[in-house]
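1. Below is the sequence, then the predicted model.
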Amino acid sequence: MKAFNVHQPWAELIISGRKKIEVRKQSPGHQGLIAVRSTKTVLEDQCKRLGIDYNKVPTEVIVGTVEITKVIKLTQQLYEDLRNEHLSIVPYDEKFVGWRLENPQRLKSPILYTKPLPGVFVLRKEIAEKIQEAQK
C-alpha cells in the first residue's frame, strides 16, 4: 500500500471529506487506495482559518485512507473554480495538478509512522496490514 505525507490541517480535512482535491506540483504516480499520513508540521494559521483546533490534530501518524480517482491538470481558472474543494490560499502555479480524492476512511486509532520517505511512498508491510485489518 502506498501513502502520502500532508501537513495538518490538510490531513484532517482530507480524512473528514472536506478537502476533495490535493494540490501538488507532481502527479502521485498512483490512482486508487492510498494512506494519508500527517506530518509533524501543524499550520496553525490555516487551522484557525478553517476552524480546526490545532492543539487536537494528530501528527506523525497514518490517519486513514482515501482513493485518488483522477489527476487534474490545473489551469489558473480551474484552480480558482475548484478552490472550495482544495481549500488552498497559495497563489496559482502553472505546475499544479489536482488529485481528486474520494471515499475517505478514518482509522479508529491513528497508527504511528515516523521517518517516512518524502512524497508518495510505499508503507512498510506491517503498517499496511494494520490499516487493512482496521478497515475490515
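-> Everything's here; your move.

2. quick one, strands of the protein?
-> Under the criterion DSSP state E, the chain carries strands at the ranges 2-8, 21-24, 32-42, 61-73, 97-112, 120-122.

3. Including distance to residue 50 and mean pLDDT, could those strands go into CSV?
-> Using the backbone N, CA and C atoms, a C-beta is placed for each residue, glycine as well. What follows is the strands of the chain, written out as CSV (distance: least, CB to CB, whole Å; pLDDT from 0 to 100):
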stretch, distance to residue 50, mean pLDDT
strand 2-8, 10, 96
strand 21-24, 15, 98
strand 32-42, 12, 96
strand 61-73, 16, 97
strand 97-112, 16, 96
strand 120-122, 24, 92
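
4. Using a markdown table, lay out those strands together with mean neighbour count and distance to residue 79.
-> Rendered in a markdown table, the data for those read as follows (neighbours: other CB atoms under 10 Å; distance: least, CB to CB, whole Å):
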| stretch | mean neighbour count | distance to residue 79 |
| --- | --- | --- |
| strand 2-8 | 20 | 18 |
| strand 21-24 | 21 | 8 |
| strand 32-42 | 18 | 22 |
| strand 61-73 | 19 | 10 |
| strand 97-112 | 16 | 8 |
| strand 120-122 | 15 | 21 |
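
5. Distance to residue 15 for those strands - can I get that in CSV?
-> Shown next, in CSV, are the strands of the chain (distance: least, CB to CB, whole Å):
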stretch, distance to residue 15
strand 2-8, 10
strand 21-24, 12
strand 32-42, 6
strand 61-73, 4
strand 97-112, 5
strand 120-122, 17
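
6. hang on, residue 21 packs against residue 81?
-> No: at 10.9 Å, residue 21 does not count as touching residue 81 under the criterion of CB atoms under 8 Å.

7. From the contact counts, what lies against the lengthiest helix in the chain?
-> Longest among the helix segments of the chain by residue count, using DSSP state H, is helix 125-134. Taking 3 or more CB pairs under 8 Å, 6 or more residues apart in numbering; DSSP states H and E as the contact definition, the neighbouring helices and strands of helix 125-134 are strand 61-73, strand 97-112.

8. With that, I have no additional questions.
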